[in-house]
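Colleague: could you look at this predicted model? Sequence included:
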Amino acid sequence: MIEAAGLTVDMGAGQAVREASFVIAPGDRIGIVGESGCGKTMLGLALMGMVPDAGRVSGSLTIDGTQMVGAGEAIWQKLRARRVAMIFQEPMAALNPIKRVGETVMEPMMVHLGLGRDAARARALELFREVGIPDPEARLRQFPHEISGGQRQRVLIALALACDPGVLIADEPTTALDANVALRVTQLLVGLAERRTMGLVFISHDLAAVARATERVMVMYGGDIVERGATEEVLAQPRHPYTRGLLSARPSPGNMRATGGRRGRLPTIPGSVPPLAELAPGCRFAGRCPVELDMCRGERPPQRGTMICHRSEEGA
Ligand SMILES: Nc1ncnc2c1ncn2[C@@H]1O[C@H](COP(=O)(O)OP(=O)(O)OP(=O)(O)O)[C@@H](O)[C@H]1O
């Protein structure tokens, strides 16, 4: 349904996504993982034709066989919401605070599907039931601030499903939620993808959620997809040093101690030495790169084609 080949997003200051190639077929559940700033959201936005104005998209992206790189807004509007939909980060920011959530969910059905108010309301009610919102009649009339974080996320899922998309992109759908609610939202997304034979692109820092939600995973680092494969295999036997670092940085009592309590930071891998001798001036790891960056070229600022070392504030 979606095929990307050499898909690149250039933000002017650098490439947020570099030469990404992959296929998403109906029912595929694919994870995109990697640390903050590695390009996950920008890749999701590229699949929606919503890259910020400063960005330039090149390469190839076909949706249902139509080339979308260079396609005008009119073509995107036909596909967006109907073929590809996205759940955006931060439910509170993604919902209009002065609009009842029912109205928000009804709007795309009236605009894109041409449904009248009554039909759109009936369908919104059905969707609220499908995503597990209790007392859906009452919820339709509420404002975003009147419902819990978990329910706001479910409203956003209902909104994304409004036009029955073939692929749903969920950008950090569980990050703002506590562990129990996050687990239920993850299970909901998997169930929806299975029932509807809908593709699911699950973007997350949360490797446990990715393991639950997806069958395949792509690991991004500095705009590149550095590793990919069956989720179970990649998480159990990562091949790329960056993936190994990412996995060992998972917050656990052990590595919380190793990192002095800094969640999500990569701990030092004892004895690891960068394979390239030349390091950036001032690199505070002084020859002991904590993530074994096999592509570190010691350049500062990082040049196109180099991997950016996010672990060192001073060095690249
Ligand atoms: N509006 C923008 N204009 C210019 N550059 C941007 C813009 N938004 C993001 N970027 C840059 O694009 C790169 C990729 O950002 P992106 O938001 O895709 O990362 P991410 O992996 O989704 O991070 P996070 O997990 O924090 O959301 C970063 O270097 C970021 O600074």
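Modeller: Looks like it arrived, so ask away.
Colleague: name the residues that touch stretch 51-61?
Modeller: Contact with stretch 51-61 is made by 2-12, 16, 19-20, 42, 45-47, 67-69, as judged by C-beta atoms under 8 Å, 6 or more residues apart in numbering. Using the backbone N, CA and C atoms, a C-beta is placed for each residue, glycine as well.
Colleague: and for stretch 146-158?
Modeller: For stretch 146-158, the external contacting residues (C-beta under 8 Å, 6+ apart) are 87-88, 91-92, 94-95, 101, 104-105, 124, 127-128, 130-133, 139, 144, 170, 173-174, 176-177, 181, 184-185, 188-189, 192.
Colleague: could you turn the buried ones of these into a PyMOL selection?
Modeller: Here is the PyMOL command that selects the buried residues among those (16 or more other C-beta atoms under 10 Å):
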select buried, resi 87+88+91+94+95+101+104+105+124+127+128+130+131+132+133+139+144+170+173+174+176+177+181+184+185+188+189+192
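Colleague: what about the ligand: which of the contacts of stretch 146-158 touch it?
Modeller: Near the ligand, taking C-beta under 6 Å from any ligand atom as the test, no member of the contacts of stretch 146-158 is found.
Colleague: among the contacts of stretch 146-158, name the ones in helices.
Modeller: Under the assignment DSSP state H, the contacts of stretch 146-158 contribute 91-92, 94, 101, 104-105, 124, 127-128, 130, 139, 181, 184-185, 188-189, 192 to helices.
Colleague: what helix or strand is the residue lying closest to residue 38 once chain neighbours are set aside located in?
Modeller: What sits nearest to residue 38 in space, not counting adjacent residues and going by C-beta to C-beta, 6 or more residues apart in numbering, is residue 220, at 4.4 Å. Assignment of secondary structure by DSSP states H and E places residue 220 within strand 216-221.
Colleague: pull out the buried residues from that strand.
Modeller: Within strand 216-221, the residues scored as buried using 16+ other C-beta under 10 Å are 216-221.
Colleague: mind listing the strands for the stretch 1-150 of the chain?
Modeller: With DSSP state E, counting those that start in this stretch as the criterion, the stretch 1-150 of the chain has strands at 2-10, 15-24, 29-33, 56-63, 66-67, 84-87.
Colleague: in TSV: those, plus distance to residue 230.
Modeller: Below are the strands of the stretch 1-150 of the chain laid out as TSV (distance: least, C-beta to C-beta, whole Å):
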stretch	distance to residue 230
strand 2-10	19
strand 15-24	14
strand 29-33	11
strand 56-63	24
strand 66-67	29
strand 84-87	24
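Colleague: and those: which comes nearest residue 201?
Modeller: Comparing those against residue 201 with C-beta to C-beta, the closest turns out to be strand 29-33 (5.3 Å).
Colleague: each with direction, which strands does the closest one pair with?
Modeller: In the sheet, strand 29-33 lines up against strand 199-203 (parallel), strand 216-221 (parallel) (DSSP bridges).
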